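Student: Got a sequence here, can you build the structure:
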Amino acid sequence: MPIVAALILLALEFTAFRRVHTAAVYAHYIVAALMPPPLPFIFSTLLIPLLHIAKTIDNTLEWRAHAVVAVVATAANMQLVPLVVYTLTEAVWYYVKFARDKPVLKTEGRLEAVAGKTLKYVVELRVKGPATAKLPDGREILVRDRVREVVKVKYDVAGVYRPPVTLTYLSPTRAVKYVRQIAHPPIRVIPRVRHAVEIGERMLENVEPEEVSGAREYSPGDPLRFIHWKKTAKLLRLVVKVLESVVSKTPKISVLLYATNAKALDRVLERTASILAASLTKAKEVEVIAFTRRGAKIYKASPGNYREIVEKLIEEAEVLDVEIKPAIDYARVFPKLELGADLLIGEKALAKPLCAQTARCVYV
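Tutor: Numbers count the residues shown, from 1 in each chain. You can find the predicted model right below:
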């Protein structure tokens, strides 16, 4: 009867069981267990190659589930012990193989970005044996030996980041899975305000607040940057600009040096540094009114002390770590705060209630 059952199962594998090969081979083990000794031992050994091939085709269970099946079958008939030996040996073999692998991850150059800006760089990954790698940008790729991929990441808050790179090894039978993480080179994210200060300093290099009041003929020693090219072309002789310093009133900029979170505060400081630098290209001096929770301070900024003033603003800045709840003055009974400034800079939720109609407001 066991031989007849084995033949029937063999016929079913080419018809009804043609898509469930692993289950069909286990059915053969059930038939082998019903045979008289020593046939169960012989057949369970001969079926191991077939079981391995079947698992590479349609297996969906991990090795622990197969081990439970093998242990239960062996408990029913000790001559099926080769099934347990094969299952445990496969697990140990691939775990050791995957654990001994030494993956290498390299990047080109130093990784540095500005907060809020996308960083694009190349990752080179070397792995022995096929593995699925989850990159810092969330994509998953298959690595067989060596691969180079372009990665794009963006961080909103400054700091040093080491994004995890996860490797998932999988045996050919999909029964053994091994997951590990490898170290990623540090990504240094600089604050937006630091980047804005560097740009501002370049803007203020050799800049003198001035305006063109006329033109005169070129004299030896006049800087070439003062040449009035339009009039020179028209008169066919060198003409230089006559410059006068700007004598308009000192611009006043108010800034709220507190925000609900680190990202918003960084953007406030970035906008302040940029606007201050742009203002100093047109004026000799700018008055900065810095508002904190402790009160207000007034700074006199000039092209010469631009960085020093911005550094003081950074020192005074504070993160509140609060969540803003929307509130509307339906009756319009709350007066706007008269800041006496030409411009107010701050996080929208905090600055908008303070913005007077006489001042321009810049929200972040």
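
Student: ok, for residue 22, nearest residue in space, not its chain neighbours?
Tutor: residue 54 (4.5 Å; Cβ to Cβ, 6 or more residues apart in numbering). (Glycine included, C-beta is placed from N, CA and C.)

Student: ok, now which ones touch the one you found?
Tutor: Applying Cβ atoms under 8 Å, 6 or more residues apart in numbering, we find residue 54 in contact with 21-22, 24-25.

Student: mind redoing it with 6 Å?
Tutor: 21-22, 25 (Cβ atoms under 6 Å, 6 or more residues apart in numbering).

Student: Within the helices and strands, which one has it?
Tutor: helix 39-58 (DSSP states H and E).

Student: Of all the residues in that helix, which ones are buried?
Tutor: Buried positions in helix 39-58, judged by neighbour count with 16 or more other Cβ atoms under 10 Å: 40-41, 43-45, 47-48, 51-52, 54-55.

Student: How about stretch 309-317?
Tutor: So, applying 16+ other Cβ under 10 Å, buried residues of stretch 309-317: 309-310, 312-314, 316-317.

Student: and if you look at stretch 113-129?
Tutor: Across stretch 113-129, burial judged by 16+ other Cβ under 10 Å covers 113-116, 119, 121, 123, 125, 127.

Student: now, which of those residues sits nearest residue 293?
Tutor: residue 115 (23.7 Å; Cβ to Cβ).

Student: Next, find the distance separating the closest one from residue 191.
Tutor: With distances taken as Cβ to Cβ, to the nearest Å, residue 115 is found 6 Å from residue 191.

Student: circling back: could the buried residues of helix 39-58 go into JSON lines alongside distance to residue 292 and pLDDT?
Tutor: JSON lines is the format used below for the buried residues of helix 39-58 (distance: Cβ to Cβ, whole Å; pLDDT from 0 to 100):
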{"residue": "40", "distance to residue 292": "83", "pLDDT": "88"}
{"residue": "41", "distance to residue 292": "83", "pLDDT": "93"}
{"residue": "43", "distance to residue 292": "83", "pLDDT": "85"}
{"residue": "44", "distance to residue 292": "79", "pLDDT": "89"}
{"residue": "45", "distance to residue 292": "80", "pLDDT": "92"}
{"residue": "47", "distance to residue 292": "78", "pLDDT": "86"}
{"residue": "48", "distance to residue 292": "75", "pLDDT": "92"}
{"residue": "51", "distance to residue 292": "73", "pLDDT": "89"}
{"residue": "52", "distance to residue 292": "71", "pLDDT": "92"}
{"residue": "54", "distance to residue 292": "71", "pLDDT": "87"}
{"residue": "55", "distance to residue 292": "67", "pLDDT": "91"}
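
Student: need those residues in a markdown table with distance to residue 186, can you?
Tutor: Formatted as a markdown table, the buried residues of helix 39-58 follow (distance: Cβ to Cβ, whole Å):
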| residue | distance to residue 186 |
| --- | --- |
| 40 | 59 |
| 41 | 58 |
| 43 | 58 |
| 44 | 54 |
| 45 | 53 |
| 47 | 52 |
| 48 | 48 |
| 51 | 47 |
| 52 | 44 |
| 54 | 47 |
| 55 | 42 |
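
Student: still on that earlier bit, restricted to helices, list the buried residues of stretch 309-317.
Tutor: Of the positions in the buried residues of stretch 309-317, 309-310, 312-314, 316 sit in helices, assigned by DSSP state H.

Student: Put together TSV for the residues you listed, with pLDDT and distance to residue 153 on each row.
Tutor: Shown next, in TSV, are those (pLDDT from 0 to 100; distance: Cβ to Cβ, whole Å):
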residue	pLDDT	distance to residue 153
309	94	33
310	94	27
312	94	32
313	94	29
314	94	25
316	93	31
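
Student: for stretch 103-122, what is the average pLDDT?
Tutor: The average pLDDT within stretch 103-122 is 93.

Student: CA atoms only for that stretch - export them in CSV, please.
Tutor: The C-alpha trace of stretch 103-122 is given here as CSV (Å, rounded to 0.1, in the frame of the first residue of the first chain):
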residue,chain,number,x,y,z
PRO,A,103,30.4,43.7,3.5
VAL,A,104,32.1,46.9,2.6
LEU,A,105,30.3,50.3,2.1
LYS,A,106,32.2,53.2,0.6
THR,A,107,31.3,56.7,-0.4
GLU,A,108,33.1,59.3,-2.5
GLY,A,109,34.6,62.2,-0.5
ARG,A,110,33.3,63.9,2.6
LEU,A,111,29.5,63.9,2.9
GLU,A,112,28.3,67.4,3.8
ALA,A,113,25.0,69.1,3.1
VAL,A,114,23.0,72.2,4.2
ALA,A,115,19.9,71.5,6.2
GLY,A,116,16.8,71.3,4.0
LYS,A,117,19.0,70.7,0.8
THR,A,118,19.2,67.4,-1.0
LEU,A,119,22.5,65.7,-0.9
LYS,A,120,23.4,63.5,-3.8
TYR,A,121,26.3,61.0,-3.6
VAL,A,122,27.5,57.6,-4.8
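
Student: Contacts made by it with the rest, please.
Tutor: Against stretch 103-122 from outside (Cβ under 6 Å, 6+ apart): 123-127, 148, 150-154, 156, 158, 165, 167, 182, 185, 187-192, 195, 266.

Student: again, only using 7 Å
Tutor: Identification of contacts with stretch 103-122 by Cβ atoms under 7 Å, 6 or more residues apart in numbering yields 123-127, 148, 150-158, 165, 167, 182, 184-192, 195, 266.

Student: Pull out the buried positions in the helix or strand containing residue 64.
Tutor: Residue 64 belongs to helix 63-76 when elements are defined using DSSP H and E. Neighbour counts over helix 63-76 (16+ other Cβ under 10 Å) mark 63, 66-67, 70, 73-74 as buried.

Student: Next secondary structure after it?
Tutor: Next in sequence after helix 63-76, counting helices and strands by DSSP H and E, comes helix 81-100.
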